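In: Here is my input; please provide its structure:
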Amino acid sequence: MASQKSHMKLYPWLIKPYKEIIQQHQKNKAHHAILINTQRGMGVFKLIWSISKWLLCLKPIGIHFCDKCHGCKLMSAKNHPDWHNIIDEKNDIFSIDYIRIINEKIFKCAQQGKNKVIFLPSIHKFTESAINALLKTLEEPPEKNWFFLVNYNYLNLPSTLKSRCFLYRLSLPTEKDSLKWLKNKNKEEKISNVIALRIQQGSPICANNFINEGLWEERKILYKFFYKSIKENNLLQILPILKKSKTIIKIDWICLLLFDAIKINCNIRKKIINFDQIKLINFISNKYNNVTLNKSIKNWIKCRYMLSHKTGINSELLLLEKLLFWEKILNFTVIC
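Out: Numbering: from 1, shown residues only. Reported below is the predicted structural model:
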């Protein structure tokens, strides 16, 4: 029963990492700081939460937490005093003050008399001074303090930080395994699951959300209007759809479609993502060469950056400007 409870909370691709890390603890060979390299949409929080629950369980059963003791109940209630999730969604940077908060926690006795867990999910947001202070903390922490750090998208972190940690790579499941999981999660046709998975860079969780949260239908509508607008030489027709909602996501969809057209021009059809839109992709690739398509992509990447990083910007005006500039790039003439 304990086995089922422990694994019921984990995605299939997290079961092996869970076992590997717990077994290191059972052998007393676990490193006090694990830096997990992965990409978003893998469920890493669920993995670390499950490992933490085992570490804080008062009566673990093999590699499983009992789910009955006071420690497990506190974790389930998200109220365990020795579980420290250092996260701040509002801030883009983590200053040295956060390290002081961590140090205050680790140099106090565990309130439940066992382990303490410190979860740092946004290590890429730490300032240089915060990283330097963290290095000192990780060098010789008190016993029974376990650190879990996450490096999303394999960003370049200081080698000194990596040297203080055990590096663990949490890789994407194979496309075959992801599709098997997606098939059990939704009733969409296989083609929808494959495309959603590729749009979401191989993340099965993001692909499932993509299909079930209405993004699939929004994407189809965008491409339908885009096809019409490019054939009628009037890209401003897609402005209402772009500005309505999820603008940055829709810009990504446009870029992916243009990349697919480039792939066709380069004769690498197997790598196409939006293969349900092959008629539109062929239309674009026949009409424009890769130089023009690259300029188009750069135009939208610049727009995306401005929307993401510039505060107080008039998004509708920016989109209008970029659509007009895109019309200028395309020129609506066949390029030989």
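In: measure the residue most central in space within the chain to Asn115 for me?
Out: With distances taken as C-alpha atoms, centre = their mean, Arg40 lies nearest the centre of the chain, 1.7 Å away. Per C-beta to C-beta, to the nearest Å, Arg40 is found 27 Å from Asn115. Using the backbone N, CA and C atoms, a C-beta is placed for each residue, glycine as well.
In: ok so, going back, would you list the phi and psi of the residue nearest to the centre of the chain?
Out: Here is the backbone geometry of Arg40 (degrees, to the nearest 10): phi -70, psi 150.
In: Next up, the contacts around it.
Out: Contact analysis of Arg40 by C-beta atoms under 8 Å, 6 or more residues apart in numbering lists 152-153, 203, 206.
In: Kindly reformat the residues you listed as a markdown table containing pLDDT, neighbour count and secondary structure.
Out: Shown next, in a markdown table, are the contacts of Arg40 (pLDDT from 0 to 100; neighbours: other C-beta atoms under 10 Å; DSSP: H, G, I helix; E, B strand; the rest coil):
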| residue | pLDDT | neighbour count | secondary structure |
| --- | --- | --- | --- |
| Tyr152 | 87 | 17 | strand |
| Asn153 | 75 | 10 | coil |
| Ser203 | 94 | 22 | coil |
| Cys206 | 94 | 19 | helix |
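In: for those residues, which one is nearest Tyr11?
Out: Among these, Ser203 lies closest to Tyr11 (C-beta to C-beta), at 10.6 Å.
In: How about the contacts made by the closest one?
Out: 39-42, 172, 197.
In: ok, now with 7 Å
Out: Contact analysis of Ser203 by C-beta atoms under 7 Å, 6 or more residues apart in numbering lists 39, 41-42, 172.
In: in the stretch 151-300 of the chain, which spans are strands?
Out: 166-169 (DSSP state E, counting those that start in this stretch).
In: any idea which helix or strand of the chain has the worst average confidence?
Out: helix 2-8 (a mean of 46; mean pLDDT, DSSP states H and E).
In: Starting from Tyr168, give me the distance back to the nearest residue to Tyr152 once chain neighbours are set aside.
Out: Of all residues not flanking Tyr152 in the chain, Arg40 sits nearest, at 5.4 Å (C-beta to C-beta, 6 or more residues apart in numbering). Note on Arg40: its distance to Tyr168, by C-beta to C-beta, is 16 Å.
In: So which elements touch the helix or strand where Met306 lies?
Out: Using DSSP states H and E, the element containing Met306 is helix 290-309. Judged by 3 or more C-beta pairs under 7 Å, 6 or more residues apart in numbering; DSSP states H and E, the packing partners of helix 290-309 are helix 247-265, helix 315-330.
In: Would you mark the buried spots in it?
Out: 290, 292-293, 295-297, 299-300, 303-304, 307 (16 or more other C-beta atoms under 10 Å).
In: rewinding a little: next one, pLDDT for the residue nearest to the centre of the chain please.
Out: You'll see Arg40 listed with a pLDDT of 88.
In: Equivalent analysis for Ile99, please.
Out: 86.
In: Can you name the residues that contact it?
Out: Counted by C-beta under 7 Å, 6+ apart, Ile99 has contacts 130, 133-134, 137.
In: Tabulate these (JSON lines), appending neighbour count.
Out: Compiled in JSON lines, the contacts of Ile99 are given as follows (neighbours: other C-beta atoms under 10 Å):
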{"residue": "Ala130", "neighbour count": "20"}
{"residue": "Ala133", "neighbour count": "20"}
{"residue": "Leu134", "neighbour count": "26"}
{"residue": "Thr137", "neighbour count": "20"}
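In: Which ones among these map onto strands?
Out: The strands, defined by DSSP state E, take in nothing from these.
In: Could you list which of those belong to helices?
Out: Judged by DSSP state H, the subset of those located in helices is 130, 133-134, 137.
In: tally of neighbours for Leu324?
Out: 12 (other C-beta atoms under 10 Å).
In: How is the chain partitioned into domains?
Out: By the assignment in automatic domain parsing, the chain contains the domains 2-169, 214-330.
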